[in-house]
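Novice: got a predicted model here, sequence first, then my questions.
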Amino acid sequence: MQEHRGDYLSLWAALESIAPMVGCVLHTLQGWGRKHEVDTSLREGVTGDVREQVKALEREVFDGRLREFRGGSPAA
């Protein structure tokens with residue numbers, strides 16, 4: 001999408017044109033574009049790598065608490 005931005009009068013026009021070509025709705029393509037901008041430091045935000053690390057840590061905490069609740073040791 002980024003490489004075709006200059007071919008259109010606005011970002012919205014580019015999204016409207018490109019979204020049907022890739023088989024998604026405009027807002028999905030816009031979201032992918034924003035995530036790409038964050039991941040490549042063009043926009044501030046939490047990168048995909050950090051999101052994945054947080055999810056993994058949340059799973060570890062949840063699993064530990066579930067084991068404790070079921071009567072097992074947290075480190076098991």
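Specialist: That came through, no problem. Residues are numbered from 1 along each chain as shown.
Novice: burial measure for the residue lying closest to Arg34 once chain neighbours are set aside, as a count.
Specialist: Closest residue to Arg34 apart from its sequence neighbours, by C-beta to C-beta, 6 or more residues apart in numbering: Arg43 at 6.4 Å. For glycine as for every other residue, the C-beta is placed from the backbone atoms N, C-alpha and C. If you count neighbours by other C-beta atoms under 10 Å, Arg43 ends up with 12.
Novice: Arg43 and Lys35 touch, don't they?
Specialist: No. Contact between Arg43 and Lys35 fails when scored by C-beta atoms under 8 Å: they sit 9.0 Å apart.
Novice: which SSE is Ser17 in?
Specialist: Using DSSP states H and E, Ser17 falls within helix 11-22.
Novice: and the residue nearest to Arg34, what's its pLDDT?
Specialist: Arg43 carries a pLDDT score of 92 in this model.
Novice: where does the chain have low pLDDT?
Specialist: The chain contains residues with pLDDT under 70 at 1-2, 73-76.
Novice: any idea how it splits into domains?
Specialist: 1-44, 46-76 (automatic domain parsing).
Novice: right, so the ones you listed: which one is the most enclosed?
Specialist: Of these, the one with the most neighbours on average (mean count of other C-beta atoms under 10 Å) is domain 1-44, at a mean of 13.
Novice: chain center to that domain, what's the gap?
Specialist: Distance of domain 1-44 from its chain centroid, counting by C-alpha atoms, centre = their mean, to the nearest Å, is 14 Å.
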